[in-house]
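Here is a sequence with its predicted model. Questions after.
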Amino acid sequence: MTTETIAARISLAALSFAGSDLQRPECVLTTASGALYTSDWRGGVARTLPDGSQKLFAARLPDGRPLKPNGIALRADGSFLLADLGDHQGGIFHLQRDGTVTPFLEAVDGVPLPPSNYVVEDGQRTWLTVSTRQQPRALAYRSDIADGFVAVIDQRGARIVADGLGYTNEAVPSPDGQWLYVNETFARRLTRFRIAADGSLSGRETVTTFGHGTYPDGLSFDVEGAVWITSIVSNRVLRVLPDGSQVLMLEDCDQQHVNWVEEAFQAGEMGRPHLDKARGRFLKNISSLAFGGPGLRTAYLGCLLDDRIAFFDSPVAGHPPYHWHF
């Protein structure tokens with residue numbers, strides 16, 4: 001179902017910003033200490049502390065290929081997993097804070113991983129997504145292509161557990177561990193799967209579908225069981241309630257720009273130029289959302305085209321992520 005309110009609830013005037021000189025901070029993670037971690041195309045992860053100080057943990061792959069981290073995961077020992085969005089190949093890599101980098105997963109089911117989108121851990125398993133097998137990936141900016149997948153890594157090894165998805169983006173287990181929620185960006189829907197004890201997925205359900213100008217990318221849960229969705233192109237933040245209804249919480253878009261992208265999408269002609277421009281007053285193609293701060297009442301927005309992280313006070317507290325106390 002698709003139900004949206006007419007007006008956003010959070011004023012753009014309420015936005016603040018953290019960090020500076022970041023490079024493509026697509027994914028943002030929060031911790032109880034107040035540290036923010038963002039993926040960074042200088043080859044690793046940038047840390048921004050509450051006092052404004054920053055540090056980059058970066059490396060190059062052994063073959064000299066630069067890392068292009070998209071999704072990142074913070075591990076209990078302080079190291080990171082990176083989903084590498086390479087031009088022609090991907091994989092999940094393990095980055096230590098001293099710059100040591102090693103492969104974590106480079107193939108699944110005997111096939112090398114294509115450019116990889118997202119990685120997340122839940123204490124039992126590691127989940128990862130690949131948006132598409134198309135090369136270049138822009139060929140999959142269409143509603144009629146569904147070749148993305150979700151894979152899992154656990155004690156049994158790595159395997160694909162869901163396939164045929166319409167540009168798989170962030171995938172996050174529900175707080176109760178019963179469901180894996182997945183954004184299908186160009187199918188324009190939020191999907192969920194039941195998680196079995198062995199890590200297999202079943203019972204695919206459409207939680208909600210999205211309309212004109214909404215392309216779901218990031219997702220995060222709040223304490224009331226709702227899912228917060230960030231949309232590229234339109235700089236929208238939507239709150240999806242358990243019944244699938246949607247509340248528009250924040251929006252910063254130029255309607256003419258959104259219409260231009262929408263026309264290309266409907267014609268099957270959407271490409272990189274439609275994603276590589278930002279037409280908001282303050283936001284530049286937001287891509288993810290993480291709750292942090294005291295009481296997890298601050299929402300931080302990862303972004304594709306800015307060099308800093310926007311944040312605002314949330315009317316609802318977020319659910320603490322698995323890595324909150326790392």
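Received it, and whenever you're ready, just let me know what you need.

In stretch 21-38, which residues are buried?
Neighbour-count burial for stretch 21-38, counted by 16 or more other C-beta atoms under 10 Å, picks out 22, 24-31, 35-38. All C-beta atoms are positioned from the backbone trio N, CA, C, and that covers glycine.

and it, how far from the chain's centre?
Per C-alpha atoms, centre = their mean, to the nearest Å, the displacement of stretch 21-38 from the mean C-alpha position of its chain is 12 Å.

What is the linear distance spanned by that stretch between its boundary residues?
Stretch 21-38 has an end-to-end distance of 12 Å (criterion: C-alpha to C-alpha, to the nearest Å).

Give me the average confidence score over it.
Confidence over stretch 21-38, taken as the mean pLDDT, stands at 98.

Okay, now the unreliable bits of the chain?
Scanning the chain with the threshold set as pLDDT under 70 gives 1-8.

all helices for it, in order.
Remark: helices of the chain, listed N- to C-terminal, are 255-266, 272-275; assignment by DSSP state H.

Show me the one of those helices that comes nearest Asp98.
Asp98 lies closest, by C-beta to C-beta, to one member of the helices of the chain: helix 272-275, at 34.1 Å.

same for that closest one, what does it pack against?
In terms of contact count using 3 or more C-beta pairs under 8 Å, 6 or more residues apart in numbering; DSSP states H and E, helix 272-275 is assigned the packing partners helix 255-266.

Does anything pack onto the helix it packs on? Which helices or strands?
Taking 3+ C-beta pairs under 8 Å, 6+ apart as contact, the helices and strands that helix 255-266 lies on are helix 272-275.

For the helix it packs on, which outside residues touch it?
138, 141, 232-233, 260-261, 264-265, 285, 304 (C-beta atoms under 8 Å, 6 or more residues apart in numbering).

Now tabulate the helices of the chain in JSON lines and tack on distance to His212.
Formatted as JSON lines, the entries for these read as follows, by distance: least, C-beta to C-beta, whole Å:
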{"stretch": "helix 255-266", "distance to His212": "6"}
{"stretch": "helix 272-275", "distance to His212": "14"}
